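Undergrad: sequence and predicted structure are below.
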Amino acid sequence: MNILFKLLICLLTAVLWRIGGWHYRWVRVVLVPILLGIVLGFITKSWLVGFLSIGSYQIIRIGYGNYDPETDPKSCWLAKITKDRSGDIIRMIAGSLYGIIGALFIILFKHLSIPFYIFYILLNAGMGYFVSWFTFPIWDDIFDEGLSGLAVSSIIFLVG
């Protein structure tokens, strides 16, 4: 699969991730896993890996909103557990889970090496922490959500 196509898939994932962060959550939790599963199926030449990846990337549903019970009575599960009001730790944990569980079947079916698996987990955890900690001066939501989507979709560059 050519690198330009992979870059376009990553950009599309970033856009879908952002759209799903607005009022269309289904775009993120339904379309992103399906897109990644299809692409991973092509890259690995294993439709089983692609199909199982659609399921494993459902971990995206866990959410990563800040803990703010005063204004948001429906905080995400991680927020209720961590009580993290800044969101740094929540996003880092969510990113770790995206990496660990999302790429689980890719590693189990030996289409990803252990070092790349660890790198992918750390990339997603680090990106989750970074985008919550660092505020972009312009279009903050577009950048932080888009970067999170890019980190998740980076798996397509690591499989082989």
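TA: Cool, got the structure. Since the model is a prediction, treat every value here as computed from it, not as a measurement. Numbering: from 1, shown residues only.
Undergrad: which strand or helix spans the residue lying closest to Leu147 once chain neighbours are set aside?
TA: Distances taken as CB to CB, 6 or more residues apart in numbering place Val131 nearest to Leu147, at 5.2 Å, with adjacent residues excluded. Placement of C-beta: from N, CA and C, glycine included. Element membership for Val131 (DSSP states H and E) is helix 114-133.
Undergrad: so which other helices or strands are in contact with that helix?
TA: The helices and strands touching helix 114-133, judged by 3 or more CB pairs under 8 Å, 6 or more residues apart in numbering; DSSP states H and E, are helix 88-102, helix 104-108, helix 140-153, helix 155-158.
Undergrad: buried ones in the helix or strand of the chain with the lowest mean pLDDT?
TA: Taking mean pLDDT, DSSP states H and E as the measure, helix 77-82 is the helix or strand of the chain with the lowest mean score, a mean of 76. Residues of helix 77-82 classed as buried by neighbour count (16 or more other CB atoms under 10 Å): 78-79, 82.
Undergrad: so what's the residue nearest to Trp47 when sequence neighbours are not counted up against?
TA: Once flanking residues are discounted, Trp47 sits nearest to Gly41: 4.9 Å by CB to CB, 6+ apart. With contacts defined as CB atoms under 8 Å, 6 or more residues apart in numbering, Gly41 is in contact with 47, 49-51, 53.
Undergrad: so Gly41 versus Val49, what's the distance?
TA: 6 Å (CB to CB, to the nearest Å).
Undergrad: give me the element Gly20 is part of.
TA: Going by DSSP H and E, Gly20 is part of helix 3-21.
Undergrad: quick check, distance from that helix to the centre of its chain.
TA: 11 Å (CA atoms, centre = their mean, to the nearest Å).
Undergrad: after it, next one along is what?
TA: Assigned by DSSP H and E, the successor of helix 3-21 is helix 25-26.
Undergrad: could you give the angle of the helix or strand that that next one is followed by to helix 3-21?
TA: Counting by DSSP H and E, the next helix or strand C-terminal to helix 25-26 is helix 32-44. Orientation check (axes from the mean of the first three to the mean of the last three CA atoms, to 10 degrees): helix 32-44 against helix 3-21 gives 160 degrees.
Undergrad: pick the most buried one from the helices and strands packed on helix 114-133.
TA: Mean neighbour count (mean count of other CB atoms under 10 Å) peaks for helix 88-102 among the helices and strands packed on helix 114-133, with a mean of 22.
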